[in-house]
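Asks: only geometry, no sequence info:
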């Protein structure tokens with residue numbers, strides 16, 4: 001593809017771009033935009049690269065080139081080469097990326113001794129509270145907390161009761177456990193002035 005030559009060549013590089021240089025850069029961008037979009041889409045189709053990221057990288061390269069050594073002699077050829085180079089760099093970076101492990105190892109109880117100790121203490125307190133429940137509630141909740149994770153049918157068979165009565169009984173026992181634990185936790189003291 002041959003591009004029309006701009007009306008005026010840019011002046012030599014100076015500290016501040018002149019109006020002619022800015023006009024030349026604008027004409028160059030406007031002329032190259034369709035070619036860049038098409039090439040970026042074509043290179044992105046080969047995988048691992050977003051067309052918009054390619055376009056941005058090439059525009060940045062072109063701005064650096066215009067700011068430093070001046071415009072390329074063959075803008076279309078330069079553009080095709082720049083798109084392929086940026087796509088290659090992006091694909092290489094993508095191949096080197098490694099996903100983070102999920103979930104992060106630091107959030108598990110075994111990775112943090114403090115969390116492991118707090119979890120073990122909570123389980124111990126819960127087991128002790130369940131053991132203090134009256135009659136059938138202690139047996140029912142101990143069966144439900146079993147590490148074997150039994151089904152309702154297995155729990156009902158073990159306790160000698162009907163499977164349909166387990167749900168209502170479990171609700172009553174959990175309410176009893178909740179009230180017992182709430183009574184054991186000290187109520188917070190009032191702060192500030194009394195009125």
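Replies: Thanks, I have it. Keep in mind that this is a model prediction, so the values were computed, not measured.
Asks: who does the worst-scoring helix or strand of the chain on mean pLDDT touch, helix- and strand-wise?
Replies: The weakest-scoring helix or strand in the chain, judged by mean pLDDT, DSSP states H and E, is helix 19-44 (a mean of 83). On a contact count with 3 or more Cβ pairs under 8 Å, 6 or more residues apart in numbering; DSSP states H and E, helix 19-44 meets helix 51-67, helix 75-96. C-betas here are computed from N, CA, C, even on glycine.
Asks: Kindly reformat these as JSON lines containing mean neighbour count.
Replies: JSON lines is the format used below for the helices and strands packed on helix 19-44 (neighbours: other Cβ atoms under 10 Å):
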{"stretch": "helix 51-67", "mean neighbour count": "16"}
{"stretch": "helix 75-96", "mean neighbour count": "15"}
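Asks: closest to residue 146 out of those helices?
Replies: Within those, the stretch nearest residue 146 is helix 75-96; the backing value is 48.2 Å (Cβ to Cβ).
Asks: on that earlier part again, now tabulate the helices and strands packed on helix 19-44 in JSON lines and tack on mean pLDDT.
Replies: Shown next, in JSON lines, are the helices and strands packed on helix 19-44 (pLDDT from 0 to 100):
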{"stretch": "helix 51-67", "mean pLDDT": "86"}
{"stretch": "helix 75-96", "mean pLDDT": "87"}
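Asks: Quick check: phi and psi on the closest residue to residue 90 other than its chain neighbours?
Replies: Nearest residue to residue 90, sequence neighbours excluded (Cβ to Cβ, 6 or more residues apart in numbering): residue 49, at 4.5 Å. Torsion angles at residue 49 (phi, psi; degrees, to the nearest 10) stand at phi -140, psi 140.
Asks: Now do the contacts for residue 49.
Replies: For residue 49, the contacting residues are 43, 87, 90, 91, 94, by Cβ atoms under 8 Å, 6 or more residues apart in numbering.
Asks: Which secondary structure state does the residue nearest to the last one when sequence neighbours are not counted sit in?
Replies: Right, the one you point to is residue 94. Nearest residue to residue 94, sequence neighbours excluded (Cβ to Cβ, 6+ apart): residue 48, at 4.4 Å. Recorded secondary structure, residue 48: coil (DSSP: H, G, I helix; E, B strand; the rest coil).
Asks: For residue 88, see how far away residue 48 is.
Replies: 10 Å (Cβ to Cβ, to the nearest Å).
Asks: mind giving me the domain split of this protein?
Replies: 19-96, 112-184 (automatic domain parsing).
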